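Peer 1: Give me a 3D structure for the following:
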Amino acid sequence: MARFVLVHGAFCGAWVWTRVIDGLRAAGHDAEAIDLPGSGADTTPVAEVTLAAYGERVCAALSANPGALLVGHSMGGMAVTQAAARRPDLIAGLVYAAAFLPVEGESLVSLTQRPEAGEDQVQANLVVSGDPPVATRSPEDARQASCQLATDEQAAWAAERRRPQPVVPFTQPLTLEPGAAEAFAALPRAYVMTLQDRAIWPHLQRFMAGRAGCDPVLKIDTDHSVWLTAPDALVAALLEIAPALLARRGVETAQ
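Peer 2: Model prediction:
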C-alpha cells in the first residue's frame with residue numbers, strides 16, 4: 001500500500017482531490033489532501049501566506065506519518081518542492097501533475113516568463129488588488145484558461161469553491177535547507193503531463209520534467225484541471241507511478 005498526500009494549486013483547496021482520493025482508496029491505498037495556508041477552508045491571514053508557509057504546512061502533514069508520495073498540481077508543485085527542499089527525509093517521492101517544478105532560486109513567476117511557457121493565459125487575466133496583494137479570476141477566464149474541457153456542471157462546481165489567491169507565494173523562489181541538498185536531489189520524481197493545458201503549456205511541462213529527471217513521465221489528453229476533467233486517468237497514472245518511485249526507495253507495493 002502506498003500513501004499519497006495531495007496538494008492543490010492556486011485559487012483552490014483540498015476539495016479538488018475528492019474523486020482522485022476516492023479512486024486511490026478504492027485501489028487499496030491511503031490518500032489525503034490538505035489545504036494550503038489561506039486556501040480552501042484555511043483561515044490564515046493573507047499577510048502570513050508565503051511559499052515558506054506552504055512548505056511548512058506540507059511538512060506538518062507528513063511529519064506524523066513520513067514516507068508518503070507527495071503529489072502537487074499547478075502551483076502545488078511549488079509547495080511540494082519547497083517542502084521537499086526543507087525536509088526530504090519525510091518524503092518517498094514527488095509527483096508533479098500539470099505542476100510547476102522549480103530549481104533552487106526559481107519562482108512561479110520566473111517559470112511563467114521562460115520561452116517554453118508560451119502565452120500565459122492565467123497571469124494575463126488575473127485581477128490583483130490589495131496590500132498584501134490578492135488575485136482573483138472571473139469564472140469565464142478560469143474556464144478558458146484552466147478547464148476548457150469541463151462540462152457546464154463541472155465548471156460550475158469548481159467555480160463555486162474557488163477563493164481569491166494571495167500573490168506573494170507566486171513571486172518567492174525555491175530555497176534549499178542547509179545540508180539538505182544531497183537528500184533533496186536524490187528524491188525520485190515523476191511527472192503527469194496534460195496535453196491540452198492552457199495554464200502550464202505542454203512545452204513548459206516537458207522542459208521542467210526533463211530538467212528535473214522525472215521518470216516516468218506520463219501523458220493525459222486533457223486540460224489543466226486534470227482532477228476535474230480526467231480524475232480516473234489521473235488515478236491510473238498515480239497507480240502506475242507509485243510502484244516505480246517506491247521501488248527506487250526500496251519499498252514494495254501491492255499491485
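Peer 1: Am I right that Val128 sits in a helix?
Peer 2: No: counting by DSSP: H, G, I helix; E, B strand; the rest coil, one finds Val128 to be strand, located in no helix.
Peer 1: How much space separates the closest residue to Leu51 other than its chain neighbours from Ala61?
Peer 2: Closest residue in space to Leu51, ignoring its immediate chain neighbours: Gln172 at 4.1 Å, by CB to CB, 6 or more residues apart in numbering. C-beta here means a position set from N, CA and C on the backbone, and glycine is covered the same way. Using CB to CB, to the nearest Å, Gln172 is found at 20 Å from Ala61.
Peer 1: Can you give me the end-to-end span of stretch 7-15?
Peer 2: Stretch 7-15 has an end-to-end distance of 10 Å (CA to CA, to the nearest Å).
Peer 1: Quick check: mean pLDDT of that stretch?
Peer 2: Taken as a whole, stretch 7-15 carries a mean pLDDT of 98.
Peer 1: Likewise for stretch 22-39?
Peer 2: Averaging pLDDT along stretch 22-39 yields 98.
Peer 1: likewise stretch 187-195?
Peer 2: Regarding stretch 187-195, the rounded mean pLDDT is 98.
Peer 1: One more: stretch 135-147?
Peer 2: The pLDDT scores in stretch 135-147 average 93.
Peer 1: likewise stretch 95-109?
Peer 2: For stretch 95-109, the mean per-residue pLDDT is 98.
Peer 1: still on that earlier bit, please identify which of Gln172 and Ala61 sits among more neighbours.
Peer 2: Ala61 (20 against 17; other CB atoms under 10 Å).
Peer 1: Hmm, Arg25 is touching Ala31, no?
Peer 2: Yes: between Arg25 and Ala31 there is a contact at 5.7 Å, judged by CB atoms under 8 Å.
Peer 1: Those two: who's more crowded?
Peer 2: More crowded of Arg25 and Ala31, by other CB under 10 Å: Ala31, with 23 against 14.
Peer 1: how near is the more buried one to Val109?
Peer 2: For Ala31, the distance to Val109 - CB to CB - is 30 Å.
Peer 1: same question, Ala142
Peer 2: Separation of Ala142 from Val109 (CB to CB) stands at 19 Å.
Peer 1: what sits against the residue nearest to Gly9 when sequence neighbours are not counted?
Peer 2: Distance criterion CB to CB, 6+ apart; nearest residue to Gly9, sequence neighbours excluded, is Ser74 at 2.8 Å. Each residue near Ser74 by CB atoms under 8 Å, 6 or more residues apart in numbering is listed here: His8, Gly9, Ala10, Cys12, Ala98, Ala99, Phe100, Ala199, Ile200, His224.
Peer 1: The third one and Phe170: what is the separation?
Peer 2: Counting by CB to CB, the gap from Ala10 to Phe170 is 8 Å.
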